[in-house]
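Participant: Structural data only, the sequence is not supplied:
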């Protein structure tokens, strides 16, 4: 695979000196350093390895090779914007920043530059409204789907009645962590549960006071909206106060292998919502092993293959490649442009048959993207950690979330953004 890892200055120099026009350029705004590297590394590995597989096994996409330029952001918003500016001029097709902070800063930039951005289960939730956010896509599910999926699971396991239940939200005190609050507040009104908000400051290593409050108040359930070391600390603190793990549920960014392994057997039973499959019991992983790992072309050491965040990075890359295929089919040429890819992303249709053909049967729910709906169908499942087997298992199928609550919030937030920025309706 044509593959480079460059600092921001070096990327800028390369792009200025020799713009890439003959390849399909997919920048990777990764973070292999900093306090959130534990999550950034496996995602970046999965993203890169899938693209390597396309080159090594298939000779690229439609006969056009993929070139991926990895730019280190350290999960820093300013560096993320610098990476974007350094790489966009080389013919970049789509951005996957893996950061809500970076996403917010890039929304006006990608729109002006006519380059699509995919924020897989993160970013600005109201970007689901393609009528306002023409170049941002957050399929197959968004933050508010995640919040609703948590509550729907509690409803399902309580005979559809959580009236009077107490639920605490332990969340990263940032734009990312605050995303579910409004949704949970609306769901609390609808279902009659009491919501307690417990913010945790960056990077999340100090949580004693929050868990002392949980021990004192004994909420029926604890939800977590964390990332990085915050998750590991929270799971350990829950174990320390003997909070029942089966009543502790994280968002999909709080449900990776490294979040639970440090707590050992005490983490057994912890749950997290998800929008994709777990493990590597899928045919595509045989090809990853054969064409990528065994040939020494893996982005990492190969030890994260099949882990939760590796799978998510692979999923993001797969969705980018499938959109490229659709753009090639629609335009009749292989070396597609960013605007052409944006159009293809807006018409992406991921069916169960298509997933099976890619070696990922049942890996994620089918979904359809439209001009008005850039977020897909928002189906959410639940996974649970088995500490003895050191594996995640899907314990609840991918199911619909509360569209009545979510759609109203998406409409309110996106229309406010449109009014502030004088955006006319994009869909005809």
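Facilitator: Ah, there it is. All of these numbers come straight from a predicted model, not from anything done at the bench. Numbers count the residues shown, from 1 in each chain.

Participant: any chance you could map the helices in the stretch 251-400 of the chain?
Facilitator: 257-260, 284-287, 308-331, 338-345, 352-357 (DSSP state H, counting those that start in this stretch).

Participant: Same list (these) but as JSON lines, adding mean pLDDT and mean neighbour count.
Facilitator: Every residue, glycine included, has its C-beta placed from N, CA and C. Shown next, in JSON lines, are the helices of the stretch 251-400 of the chain (pLDDT from 0 to 100; neighbours: other Cβ atoms under 10 Å):
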{"stretch": "helix 257-260", "mean pLDDT": "97", "mean neighbour count": "24"}
{"stretch": "helix 284-287", "mean pLDDT": "98", "mean neighbour count": "16"}
{"stretch": "helix 308-331", "mean pLDDT": "98", "mean neighbour count": "23"}
{"stretch": "helix 338-345", "mean pLDDT": "98", "mean neighbour count": "21"}
{"stretch": "helix 352-357", "mean pLDDT": "98", "mean neighbour count": "14"}
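
Participant: Show me the one of the ones you listed that comes nearest residue 126.
Facilitator: Checking these against residue 126 by Cβ to Cβ gives helix 338-345 as the closest, at 17.5 Å.

Participant: Take the helices of the stretch 251-400 of the chain and lay them out in TSV including distance to residue 144.
Facilitator: Shown next, in TSV, are the helices of the stretch 251-400 of the chain (distance: least, Cβ to Cβ, whole Å):
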stretch	distance to residue 144
helix 257-260	22
helix 284-287	30
helix 308-331	18
helix 338-345	21
helix 352-357	24
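
Participant: so which of these comes closest to residue 131?
Facilitator: Among the helices of the stretch 251-400 of the chain, helix 338-345 comes nearest to residue 131, with 14.6 Å by Cβ to Cβ.

Participant: Can you check what angle separates the closest one from helix 308-331?
Facilitator: For helix 338-345 against helix 308-331, the angle by axes from the mean of the first three to the mean of the last three Cα atoms, to 10 degrees is 100 degrees.

Participant: On the three-state scheme, residue 196 is what?
Facilitator: The three-state assignment at residue 196 reads strand, by DSSP: H, G, I helix; E, B strand; the rest coil.

Participant: So it sits against residue 170, correct?
Facilitator: No - in this structure, residue 196 is not within contact of residue 170 by Cβ atoms under 8 Å, at 9.4 Å.

Participant: Could you identify the helix or strand that succeeds the helix or strand of the chain with the lowest mean pLDDT?
Facilitator: When the helices and strands of the chain are scored by mean pLDDT, DSSP states H and E, helix 8-17 comes last with a mean of 39. For helix 8-17, the succeeding helix or strand toward the C-terminus, using DSSP states H and E, is strand 24-25.

Participant: which other residues reach that next one?
Facilitator: 60-61, 64-69, 87, 90-93, 324, 335-336 (Cβ atoms under 8 Å, 6 or more residues apart in numbering).

Participant: Can you say which of those are buried?
Facilitator: Neighbour counting with 16 or more other Cβ atoms under 10 Å marks 60-61, 64-69, 87, 90-93, 324, 336 as buried within the contacts of strand 24-25.

Participant: Tell me how many other residues crowd the nearest residue to residue 76 once chain neighbours are set aside.
Facilitator: Once flanking residues are discounted, residue 76 sits nearest to residue 34: 7.2 Å by Cβ to Cβ, 6 or more residues apart in numbering. Neighbours of residue 34 under the rule other Cβ atoms under 10 Å: 16.
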